[in-house]
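**Student:** Here is a sequence together with a model predicted from it:
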Amino acid sequence: MQIPRGLEDLTSAWFQFALATNDNGIAIDHVALSSIGEGAGMMSRLFRAQLSYRAGSGPASVIVKLPTDNQQNRDVAATFDNYRREVLFYQRAAHLTDMRTAHCYLAQADGPEDFVLVLEDFGGWQQGDQIEGCSLPRAFAVMQALAQLHAQFWNQVDGGDMDWLPTGHPSVMSDGLAQGTAASYDDFAGFFADVLHPSLRNGKDRYLAGLPALQTWLNAAPRTVAHGDYRMDNLFFLPKNNGIEVACCDWQAPVRGKAVQDIAYFLTGSVETELRRENERALLGAWVDALRARGVQDYTLEQAFDDYRRGILAMWTYAVIIGGGLAAQNDRADSWVSAMVRRCATAMMDHRCMDLL
C-alpha cells in the first residue's frame, strides 16, 4: 500500500484500495477532503475524507492521519518513534482494551518518519478542548476510561507480547525525554518566566540530576500500558445512558510503566487549577475504585496519591519539551501549550513536587 505524501495522493482509487475488503465490493466515485485539528497536535496532519460510493458501501467519512510538514517536529517524532508506535498500537493492541478507540481501517508505517492511518470519524462526538479544560462530570468519565485501559494490562506487559512498546526506563523514550528536557529547559524557562516560580524557572540542574531515579521509579511495578499523551485535545465525549462515553485518539506515545503518569498528566494539564484542587482526591478515588472493580485489588488510594505527586514531577518533562522544544504552528497551538504549562506549573508548586527530588 503506497503511503501518501500529501493531499494529491489521497485519490478515489487510493481510498478504494485502502477500504477494500473481501466482501464489500466497493467503488468510490468521489472524495472531498478537508483539513481538521489545526493547532490541536504538533506531530501530524489530519484530514476528513467524505466518500461517495458508486458501488458497495462503506463509511461515509474517515479520518486520515499523516506526518507533520514541520521538519523540527517531525524529527522529534522520529527520535521517539511516535509514528511506528501508533501504527503498532492499532495493529496489535487496540482490540485488547475496553477503552473506546477509533476503528482502524488502515495502519501502515515506512520507517520512523512516514506513516498513514485511516480511522473512524468521531464527527458526531464533541472533541475536548485543551484551552477550555475539562468539566468535572467529564473528568470523572475520564477516570473510568483510563481504568479500562490500565486494568486490562495491569502487570501484564512483560510476557513478550508487548515488547514493541518501549519501557519507561531505560529506553528510547526515557533517553529522549532526558535529552529533550536538557535541550529545552532554558528556552522553556525564558518563554514562561512570568508563570514559573523561581524554583521551577531556575530548577534545571536540580531536576536533571534527579530525573534518572525518577524515570527508574516510573518504570517500576505495577506496570501497565500508559497512553502517554492523555489530554483534552485527544479525547472525544458523547452523552450516553445518563452518563458520558469517552473515546481516545492519538496513540503516538504509549509506554509500559506506571499508570499514574496518565492520571497526573491529565489532571494537571487538562483540568483548570481550582477544579483540580477541589476534586483531585475524589477523582483519584474514582480511578482506584474503577481499577478495583476490574480486578486490581492491591492498589490503595493512599498509594495512588503518593504516586500521583511523583507522577506530576515525572511528567514535568512533557511540559518542558512541549513548551520549550516544539514549534507551535499557529495561535491555537500556542494557546493550549500556555494553558497546559500554567496548570502543570501550579500543580508542581501545590504538591511541592521539587522537594521529592
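**Tutor:** Here it is on my side, so go on. Residues are numbered from 1 along each chain as shown.

**Student:** State the distance from residue 309 to residue 228.
**Tutor:** Separation of residue 309 from residue 228 (C-beta to C-beta, to the nearest Å): 19 Å. No exception for glycine: its C-beta is placed from N, CA and C like everyone else's.

**Student:** So between those two, which is more surrounded?
**Tutor:** residue 228 (24 against 19; other C-beta atoms under 10 Å).

**Student:** OK, contacts around that one?
**Tutor:** The contact partners of residue 228, by C-beta atoms under 8 Å, 6 or more residues apart in numbering, come to 252-255, 261-262.

**Student:** could you redo the last one with a cut-off of 7 Å?
**Tutor:** Shown here is residue 228, whose contacts under the criterion C-beta atoms under 7 Å, 6 or more residues apart in numbering are 253-255.

**Student:** what kind of secondary structure is the nearest residue to residue 167 once chain neighbours are set aside in?
**Tutor:** Leaving aside its chain neighbours, residue 167 sits nearest to residue 256 (5.0 Å; criterion: C-beta to C-beta, 6 or more residues apart in numbering). Assigned with DSSP: H, G, I helix; E, B strand; the rest coil, residue 256 falls in the strand class.

**Student:** same deal with residue 180?
**Tutor:** Going by three-state DSSP: residue 180 is helix.

**Student:** Start at 13, not 1
**Tutor:** Noted, 13 is the first residue going forward, which turns the last one into residue 192.

**Student:** Look up how far residue 206 lies from residue 265.
**Tutor:** Relative to residue 206, residue 265 is positioned 28 Å away (C-beta to C-beta).

**Student:** ok, the two, which is more surrounded?
**Tutor:** residue 265 (22 against 7).

**Student:** mind pulling up the phi and psi values for that one?
**Tutor:** Reported as degrees, to the nearest 10, the phi and psi values for residue 265 are phi -130, psi 30.

**Student:** Counting neighbours, what do you get for residue 223?
**Tutor:** Counted by other C-beta under 10 Å, the residues lying close to residue 223 total 21.

**Student:** That one sits in which helix or strand?
**Tutor:** When secondary structure is defined using DSSP states H and E, the element that contains residue 223 is helix 216-230.

**Student:** what does the average pLDDT come to for that helix?
**Tutor:** Across helix 216-230, the average pLDDT comes to 97.

**Student:** And the next helix or strand past it?
**Tutor:** Later in the chain than helix 216-230, the nearest helix or strand by DSSP H and E is strand 236-238.

**Student:** contacting residues around that next one?
**Tutor:** The set of residues external to strand 236-238 that reach it, using C-beta under 7 Å, 6+ apart, is 105, 161-162, 165-166, 169, 177, 266-269, 271, 273-274.

**Student:** again, but for stretch 77-87
**Tutor:** The set of residues external to stretch 77-87 that reach it, using C-beta under 7 Å, 6+ apart, is 16, 54-58, 89, 95, 125-129, 131, 338-339, 341.

**Student:** Just the buried subset of the residues you listed, please.
**Tutor:** Buried by 16 or more other C-beta atoms under 10 Å: 16, 54-58, 89, 95, 126-129, 131, 338, 341, out of these.

**Student:** Can you tell me which of the residues you listed end up in helices?
**Tutor:** 89, 95 (DSSP state H).

**Student:** For the buried ones among the contacts of stretch 77-87, which two are the farthest from each other?
**Tutor:** Among those, the pair separated by the greatest distance (C-beta to C-beta) is 16 and 338, at 24.0 Å.

**Student:** What ranges does this protein have for its strands?
**Tutor:** 39-48, 56-67, 73-79, 112-113, 116-122, 126-132, 138-139, 236-238, 247-252, 255-260, 267-269 (DSSP state E).

**Student:** what's the closest of those strands to residue 219?
**Tutor:** Proximity to residue 219, assessed across those by C-beta to C-beta, is greatest for strand 267-269 (18.8 Å).

**Student:** pLDDT of that closest one, averaged?
**Tutor:** When pLDDT is averaged over strand 267-269, the result is 96.

**Student:** How about stretch 361-369?
**Tutor:** Across stretch 361-369, the per-residue pLDDT values average to 97.

**Student:** Other residues contacting it?
**Tutor:** Residues outside stretch 361-369 that contact it (C-beta under 7 Å, 6+ apart): 209, 211, 215, 218-219, 222, 289, 321-322, 324-325, 360.

**Student:** What is the end-to-end distance of it?
**Tutor:** Taking C-alpha to C-alpha, to the nearest Å as the measure, stretch 361-369 stretches 13 Å from start to finish.

**Student:** Extract the C-alpha set from stretch 69-84 and format it as CSV.
**Tutor:** C-alpha atoms of stretch 69-84 as CSV (Å, rounded to 0.1, in the frame of the first residue of the first chain):
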residue,chain,number,x,y,z
SER,A,69,-20.9,0.6,0.8
GLY,A,70,-18.5,1.8,3.4
PRO,A,71,-18.0,4.6,5.9
ALA,A,72,-19.5,8.0,4.8
SER,A,73,-16.3,9.7,6.1
VAL,A,74,-13.0,8.7,7.6
ILE,A,75,-10.0,10.5,9.2
VAL,A,76,-6.6,10.3,7.5
LYS,A,77,-3.5,10.9,9.6
LEU,A,78,-0.2,11.7,8.1
PRO,A,79,3.2,13.1,9.4
THR,A,80,3.5,16.8,10.1
ASP,A,81,5.0,19.1,7.5
ASN,A,82,7.1,20.8,10.2
GLN,A,83,10.6,19.2,10.0
GLN,A,84,11.5,20.2,13.5
